[in-house]
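Peer 1: Sequence and predicted model, in that order:
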Amino acid sequence: MWPDERVARFVAENFMPARVHVKDDAAAFQKYGEKYAAQWTPTILELDSEGVERHRIEGFLPVDDFLAQLMLGLAKIHFQEQKWGDAQKMFRRVYEELPETDAAPEALYWVGVARYKESGDPTALKETARAFSARYTDSSWAKKASVWT
Amino acid sequence: MELQFRHDVDKVLEDAKEQQKAVLLDFSAAPM
């Protein structure tokens, strides 16, 4: 995952990367493992600038899925910070650039929520529900969006 | 491009707060 150029560039551009190793940093692994309830490797946490966890990736993923999860997590950080435009842009990148990944339907759902949060216009939610009638129809996110029709 | 992971997590969290930057924290067992 990490040696991949796209992953490395995305992380370098958007995060301060830190690592605790289960053996080589055993004390740090225990300390932060307890703080963030991380009991397995690999576990990758995306924290906001206050150190609050906003997204978690547990277990190995192929590069595209991993990159999509990183994008999803960054979008969630923007969402929590109420940076609606940045959140929408990053959620869209997930399903536009990596449409076959598991993260894509979740991103499609949340871009609708971010649009609604920004505008207050429920049309954003209805349009999202309609979008799910054309793609990711079997996903749990399509079920969640179905209430917006 | 090779990512440079820091290991001083407390300082990373402090710097991130100061610079308003997100943190990626990797709990790893991979060979270093």
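Peer 2: Done, it's in.
Peer 1: give me the number of residues near residue 11?
Peer 2: This is for chain A. Summarising burial for A:V11: neighbours were counted as other CB atoms under 10 Å in any protein chain shown, giving 24. Where you see a C-beta, it was placed from the backbone N, CA and C, and this is true even at glycine.
Peer 1: You answered for a different chain; I wanted chain B.
Peer 2: Here the number of neighbours of B:K11 (other CB under 10 Å) works out to 12.
Peer 1: Can you name every helix or strand that the helix or strand where it lies contacts?
Peer 2: Under the criterion of DSSP states H and E, B:K11 resides in helix B:9-19. The helices and strands touching helix B:9-19, judged by 3 or more CB pairs under 8 Å, 6 or more residues apart in numbering or on different chains; DSSP states H and E, are strand A:15-21, strand B:22-28.
Peer 1: and that helix, C-alpha only, in PDB?
Peer 2: Once non-C-alpha atoms are left out, helix B:9-19 reads as follows in PDB (Å, rounded to 0.1, in the frame of the first residue of the first chain):
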ATOM      1  CA  VAL B   9       3.400  10.900  18.000                       C
ATOM      2  CA  ASP B  10       2.800  13.400  20.700                       C
ATOM      3  CA  LYS B  11       4.900  16.000  18.800                       C
ATOM      4  CA  VAL B  12       3.000  15.100  15.600                       C
ATOM      5  CA  LEU B  13      -0.300  15.700  17.300                       C
ATOM      6  CA  GLU B  14       1.000  19.000  18.700                       C
ATOM      7  CA  ASP B  15       2.300  20.100  15.300                       C
ATOM      8  CA  ALA B  16      -0.900  19.100  13.600                       C
ATOM      9  CA  LYS B  17      -3.000  21.200  16.000                       C
ATOM     10  CA  GLU B  18      -0.700  24.200  15.500                       C
ATOM     11  CA  GLN B  19      -0.700  23.800  11.700                       C
END
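Peer 1: That helix vs strand B:22-28, what angle?
Peer 2: For helix B:9-19 against strand B:22-28, the angle by axes from the mean of the first three to the mean of the last three CA atoms, to 10 degrees is 160 degrees.
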